[in-house]
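# Build the 3D model from these lines:
(chains A and B)
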Amino acid sequence: MAQLTRDRWTGRVPFIFAAIGSAIGLGNVWRFPYLTYEYGGGAFLIPWIIGLIILGIPWMMMEFGMGRFFQRSAPGVFEGIGKKWEWLGWWPVFVAFLIVTYYTVVIAWALHYVVSSFSVAWGIGEAGAKGAAPFFFEKVLNLSSGPEVLGGLQWPLVAGLAFAWIVLFFIMFRGARAIGRVSIWLVCIPWLLLIILLIRGLTLPGAIDGLNYYLTPDLNALRNIDVWFGAFSQIAFTLSLGMAGMFAYGSFVAKKADVTNNALITSFSNCATSFFAGFAVFSTVGFIMQALNIPVGEVSVASVGLAFVSYPVAISMMPGANAVVGVIFFLCLFLLGTTSAYFLAYGGVISPIMDKFGLSRVKATSIVCVIAFLIGLIFTTRGGLYWGPDILDRAVSFYGLLITGALSCIVVGWVFGAKKVREHLNETSDIKIGAWWDWMIKIVVPAGLLFVVIYGGFMKDIAEPYGGYPLWAASMIWVILVVTLILSFVLQAVKTRTPQGGE
Amino acid sequence: MTTGAIIATVIMWAIFIGGLSFCLSRLGRGGEWKE
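Residues are numbered from 1 along each chain as shown, chains lettered A, B, ... in the order given. Predicted coordinates for the structure are as follows:
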């Protein structure tokens, strides 16, 4: 059945909040603060802001703008440029799909901890501080010895995963109208929770020491190319670009509505949230250092280690309200993850499927939720941590995202014409952009993304297997990339069943 | 906090608040949201 009317946001505010919700995610809390501390403190903010201006904002304007121009999701956009480019719209769809399969498992971990926090199940006081890591790795994950041992399903995580997908289904099956309304709440509540966590963090002893580690600038760090790599990679990952979803979110915008100002508001709001979250995180890190009398180097300040080991340690050592802080922190992670998950699933996967095959929204949403849940079960096994949030993450969230992002900008800039996009954006947007933008899309953004993928990816992973994994396991990164690329060409060969809605 | 950390904090919030204020001041100058 052909799609007669395009999914639409109910207004500007729901669209902006949905876009902010998609951009704000777990990385704002567990990646940005760590990178800032690791790469020169306040000095890191200089390349980060430069990356935002020359990479992130032009790229977001392009994805929003192309989606609005063609009124289609990513595959439809590239099909509109030329049938032979449609695969370039499907590749990021696979990226989004695979990311959401393990991203929802991390949400399930957060749910597990929301429940566990009521009784502070890993313990209170020094016993809890010692018990936090074993609780996560041995009890929650029951982690196996390596990726070759998958082991059995961890049923509490399966239940959490099922719950996450049920929640996502009920948010997504009514389309952009419901997503926009829900996003206003699901963005504002985590902001409120972060404020509470910051206040709690700042009132703990040692908080200021932590903030000094977070922000004291080391300007010499700017001479280190790793710092620029870290800043550009963070900008590439934090705005949820290169995952197909922003094309779809742009396509839900009315043809006469603004795009450029919304892209700026989304980008600034996302980065301000990252910066703010850093205060909540590092005030707590400072407290851990003082409470356990250990240097900052002995505290896990990034990724899974920060959220599921260090923060529980801090919760155990707090002088009061341990359970309340635990529930607030993990509920915040759950909500931050949820807004990104439905962006990936709906904008990244469901909307392209509806456009291509003319499926109803309920049918497409049901199919995607069930298949993604079934694949996600792999990551609830004892070896799931190795495969989902690590090896698969490297394949799709690093290589897939960056390569498809760079290629998208090159095709839009050189084949479709950056000037044409800019003129389309300027027709109706609040803020007019100049010819500089054309060169950003044609050269600077692709070059920046390729720098990240070559310097931080190929040069390291070819020299030695990624993450110290056995070669066969690390090689799965390349297998996943090649298989998804082939499947993208297969889908290109399938006839599109809905009429092209472009101008 | 160290002087450098305070300066970094002030500059960053100036950028974010200034940038968002500019964007919000331009709202409604271009597009229409009702079709």
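# Output the below-cut-off pLDDT ranges for the chain.
Picking chain A for this. Confidence mapping of chain A against pLDDT under 70 gives the ranges A:1-4, A:499-503.
# ah, I was thinking of chain B
Applying pLDDT under 70 to the predicted model, the residue ranges of chain B that meet it are B:31-35.
# near chain A, which residues of it?
When proximity is defined as Cβ under 8 Å from any Cβ of the partner chain, chain B approaches chain A at B:1-2, B:4-5, B:7-9, B:11-13, B:15-16, B:19-20, B:23-24, B:26-35. Using the backbone N, CA and C atoms, a C-beta is placed for each residue, glycine as well.
# can we see that at 7 Å?
With the criterion set to Cβ under 7 Å from any Cβ of the partner chain, chain B comes near chain A through B:1-2, B:4-5, B:8-9, B:12, B:15-16, B:19-20, B:23, B:26-33, B:35.
# Filter the residues you listed down to the ones in helices?
Members of those lying in helices (criterion: DSSP state H): B:4-5, B:8-9, B:12, B:15-16, B:19-20, B:23.
# Of the residues you listed, select the buried ones using a PyMOL command.
Applying 16 or more other Cβ atoms under 10 Å in any protein chain shown to these, the buried members can be selected in PyMOL as follows:
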select buried, chain B and resi 4+5+8+9+12+15+16+19+23
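# from memory A:Pro352 sits against A:Arg72, does it?
No: in this structure A:Pro352 lies outside contact range of A:Arg72 using Cβ atoms under 7 Å: 8.4 Å.
# ok so, going back, export the ones in helices among the residues of chain B next to chain A to a markdown table and tack on distance to A:Leu194?
Compiled in a markdown table, those are given as follows (distance: Cβ to Cβ, whole Å):
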| residue | distance to A:Leu194 |
| --- | --- |
| B:Gly4 | 24 |
| B:Ala5 | 19 |
| B:Ala8 | 19 |
| B:Thr9 | 16 |
| B:Met12 | 16 |
| B:Ile15 | 19 |
| B:Phe16 | 15 |
| B:Gly19 | 20 |
| B:Leu20 | 17 |
| B:Cys23 | 21 |
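# Of the ones in helices among the residues of chain B next to chain A, which is the nearest to chain A?
Distances from chain A to these, taken as Cβ to the nearest Cβ, are shortest for B:Ala8 (3.0 Å).
# that older thread, farthest-apart pair in the ones in helices among the residues of chain B next to chain A, please.
For these, the maximum inter-member distance is 28.7 Å, found between B:Gly4 and B:Cys23 (Cβ to Cβ).
# and A:Ile350, what does it touch?
Contacts for A:Ile350 (Cβ atoms under 7 Å, 6 or more residues apart in numbering or on different chains) come out as A:172, A:364-365, A:368.
# What strand or helix carries the closest residue to A:Pro156 other than its chain neighbours?
The spatially closest residue to A:Pro156, leaving aside those adjacent along the chain, is A:His112, at 5.7 Å (Cβ to Cβ, 6 or more residues apart in numbering or on different chains). A:His112 is located in helix A:86-117, with elements delineated by DSSP states H and E.
# ok, so what distance separates A:Gln492 from A:Gly413?
In this structure, A:Gln492 lies at 21 Å from A:Gly413, with Cβ to Cβ, to the nearest Å as the measure.
# Between the two, which has more neighbouring residues?
In this comparison of A:Gln492 against A:Gly413, neighbours counted by other Cβ atoms under 10 Å in any protein chain shown, the higher total goes to A:Gly413 at 23 against 19.
# quick one, what contacts the more buried one?
Residues touching A:Gly413, when contacts are defined by Cβ under 7 Å, 6+ apart, comprise A:441-442.
# Distance check, it against A:Val149.
Separation of A:Gly413 from A:Val149 (Cβ to Cβ) stands at 46 Å.
# And for A:Asp438?
As defined by Cβ to Cβ, A:Asp438 lies at a distance of 52 Å from A:Val149.
# For these two, work out which one has more neighbours and name it.
A:Asp438 (18 against 12).
# Does the more buried one lie in a helix or a strand, and which?
Per DSSP H and E: A:Asp438 is located in helix A:436-439.
# tell me which residues in that helix are buried?
Along helix A:436-439, the positions that meet the burial threshold by neighbour count (16+ other Cβ under 10 Å) are A:437-438.
# What is it packed up against?
If you count contacts as 3 or more Cβ pairs under 7 Å, 6 or more residues apart in numbering or on different chains; DSSP states H and E, helix A:436-439 packs onto helix A:418-428.
# if we go to 10 Å?
Helix A:436-439 makes packing contacts with helix A:57-70, helix A:418-428 when contacts are defined by 3 or more Cβ pairs under 10 Å, 6 or more residues apart in numbering or on different chains; DSSP states H and E.
# right, so the ones you listed: which one is the most enclosed?
When the helices and strands packed on helix A:436-439 are scored by mean count of other Cβ atoms under 10 Å in any protein chain shown, the highest mean neighbour count falls to helix A:57-70 (a mean of 27).
# Off-centre distance for that one?
From the chain centre to the centre of helix A:57-70 is a distance of 18 Å (Cα atoms, centre = their mean, to the nearest Å).
# now the angle from that helix to helix A:418-428?
Inter-element angle recorded for helix A:57-70 and helix A:418-428: 80 degrees (by axes from the mean of the first three to the mean of the last three Cα atoms, to 10 degrees).
# Next secondary structure element downstream of helix A:57-70?
Scanning the chain past helix A:57-70 towards its C-terminal end, the next helix or strand to appear is helix A:74-81 (assignment: DSSP H and E).
# elements contacting that next one?
Helices and strands touching helix A:74-81, by 3+ Cβ pairs under 10 Å, 6+ apart, are helix A:57-70, helix A:86-117, helix A:245-251, helix A:351-357, helix A:401-410, helix A:476-493.
# Distance to A:Val167 added to the ones you listed, as CSV?
Written out in CSV, the entries for the helices and strands packed on helix A:74-81 read as follows (distance: least, Cβ to Cβ, whole Å):
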stretch, distance to A:Val167
helix A:57-70, 26
helix A:86-117, 9
helix A:245-251, 18
helix A:351-357, 19
helix A:401-410, 25
helix A:476-493, 27
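# and among these, the most buried is which?
helix A:245-251 (a mean of 31).
# CA atoms only for it, dumped as PDB, please.
Taking Å, rounded to 0.1, in the frame of the first residue of the first chain, the C-alpha atoms of helix A:245-251 are listed here in PDB:
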ATOM      1  CA  GLY A 245      18.000   8.800  11.300                       C
ATOM      2  CA  MET A 246      18.600  12.500  10.800                       C
ATOM      3  CA  PHE A 247      17.600  12.200   7.100                       C
ATOM      4  CA  ALA A 248      14.300  10.700   8.300                       C
ATOM      5  CA  TYR A 249      13.900  13.300  11.000                       C
ATOM      6  CA  GLY A 250      14.500  16.000   8.400                       C
ATOM      7  CA  SER A 251      11.900  14.400   6.100                       C
END
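# what packs against it?
Using 3+ Cβ pairs under 10 Å, 6+ apart as the contact test, the elements touching helix A:245-251 are helix A:12-23, helix A:57-70, helix A:74-81, helix A:86-117, helix A:176-202, helix A:260-292, helix A:351-357.
# In CSV: the ones you listed, plus distance to A:Trp165.
Formatted as CSV, the helices and strands packed on helix A:245-251 follow (distance: least, Cβ to Cβ, whole Å):
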stretch, distance to A:Trp165
helix A:12-23, 18
helix A:57-70, 25
helix A:74-81, 23
helix A:86-117, 6
helix A:176-202, 16
helix A:260-292, 25
helix A:351-357, 16
